[in-house]
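Visitor: this one's sequence-less:
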């Protein structure tokens with residue numbers, strides 16, 4: 001389906017509902033975190049999915065605890081935009097474009113009874129997860145608090161030493177078990193489940209950070225945390241996931257592959273790419289140049305379309321030879337890619353839907 005260029009006020013997304021179908025989870029990727037054009041289009045897709053299809057959760061590739069503060073902002077108006085910016089832990093999200101998405105969700109919530117939830121599912125920040133459980137314990141459970149104080153000390157020593165203290169994981173697992181068996185009658189089930197989830201995230205971060213023998217990959221942990229969001233949302237909830245293409249892909253051992261395995265047709269992945277322009281990245285320059293696609297890349301093939309910007313349902317395309325074989329596909333992420341930006345993939349193994357934009361403009365950072 002054709003879509004108007006980024007920044008256009010025209011809707012141009014009438015066919016999107018048919019592409020999404022009845023899927024409960026729609027994953028919106030990005031081939032770089034620093035493309036304003038992708039985020040402008042994402043916002044238009046989010047608006048459509050919320051207003052036309054009843055999606056009610058937006059989940060961003062960011063730590064879960066920090067996202068809860070942003071959820072309080074968009075649902076209840078607590079805090080302010082400067083505090084929100086600080087909670088967007090990764091510099092990639094500290095941009096005007098991500099703030100625009102958050103502000104639109106807040107405005108929508110102020111005008112509608114059915115609210116959009118803002119969630120995070122990453123697990124790299126162990127301190128914030130542990131801190132949230134400690135805050136809970138301070139008000140509700142002195143026994144739990146004493147256990148967490150010991151864990152905090154062991155955790156700090158472990159980080160300083162670069163390896164875990166012998167009893168850190170054991171005591172953390174004990175707290176996980178304690179929380180699963182402890183009843184807090186005066187508190188809502190949802191509140192207690194969330195605290196249990198934060199403790200699980202802390203244990204995930206321990207295993208991941210220290211490379212423990214039983215550790216899973218970051219992608220598998222993120223997939224498990226998205227699964228938790230699904231299981232702890234109303235059965236009617238439909239969820240938008242936003243992350244790098246390399247996380248939402250259905251190939252390999254990435255988060256999207258787990259979600260595709262668990263949810264089947266209820267999971268639809270959108271891979272995003274572009275032909276030319278600029279992008280922002282972690283580096284000394286304010287922005288970087290997009291390499292022109294060449295013969296043998298999907299982007300070169302897409303650039304020959306009569307449409308500058310379009311959405312292609314790869315599940316419905318059978319007769320185009322290039323789409324049935326491996327070719328170069330742009331992948332940048334959060335860091336500058338000035339040597340090569342293309343990596344060979346079999347695109348139909350990775351994504352259900354391809355979103356192509358002719359020109360990328362870099363994002364606008366809001367915090368240095």
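Guide: That came in fine, so what should we check first? If you're wondering where the values come from, they're calculated on a predicted model, not measured in any experiment.
Visitor: only C-alpha atoms from now on, for both contacts and neighbour counts.
Guide: Fine.
Visitor: may I see the buried residues of stretch 202-213?
Guide: Within stretch 202-213, the residues that count as buried by 16 or more other C-alpha atoms under 10 Å are 202, 203, 204, 205, 206, 207, 208, 209.
Visitor: let me fix that, I meant to ask about stretch 22-33.
Guide: 24, 25, 26, 27, 28, 29, 30, 31, 32, 33.
Visitor: what's the burial count for residue 111?
Guide: Residue 111 has 9 neighbouring residues, counting by other C-alpha atoms under 10 Å.
Visitor: one more: residue 39?
Guide: Per other C-alpha under 10 Å, the neighbour tally for residue 39 reads 22.
Visitor: so it sits right up against residue 98, yeah?
Guide: Yes: in this structure, residue 39 is within contact of residue 98 by C-alpha atoms under 8 Å, at 7.3 Å.
Visitor: if we can go back for a sec, now, the buried residues of stretch 22-33 that are in helices?
Guide: Nothing among the buried residues of stretch 22-33 maps onto helices, per DSSP state H.
Visitor: need the strands for the stretch 101-250 of the chain, in chain order.
Guide: For the stretch 101-250 of the chain, the strands defined by DSSP state E, counting those that start in this stretch cover 117-122, 239-242.
Visitor: for the protein, what spans make up the helices?
Guide: 16-20, 36-53, 64-76, 81-87, 96-111, 126-140, 142-161, 168-181, 189-210, 218-231, 245-248, 255-263, 298-302, 347-350.
Visitor: can you lay out the ones you listed as a markdown table showing mean pLDDT and distance to residue 332?
Guide: Listed next are these as a markdown table, based on pLDDT from 0 to 100; distance: least, C-alpha to C-alpha, whole Å:
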| stretch | mean pLDDT | distance to residue 332 |
| --- | --- | --- |
| helix 16-20 | 96 | 26 |
| helix 36-53 | 97 | 13 |
| helix 64-76 | 97 | 24 |
| helix 81-87 | 95 | 24 |
| helix 96-111 | 98 | 18 |
| helix 126-140 | 97 | 27 |
| helix 142-161 | 97 | 30 |
| helix 168-181 | 97 | 35 |
| helix 189-210 | 97 | 23 |
| helix 218-231 | 98 | 18 |
| helix 245-248 | 98 | 9 |
| helix 255-263 | 98 | 18 |
| helix 298-302 | 98 | 14 |
| helix 347-350 | 98 | 16 |
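Visitor: in stretch 143-153, what counts as buried?
Guide: Buried residues in stretch 143-153 (16+ other C-alpha under 10 Å): 144, 145, 147, 148, 151, 152.
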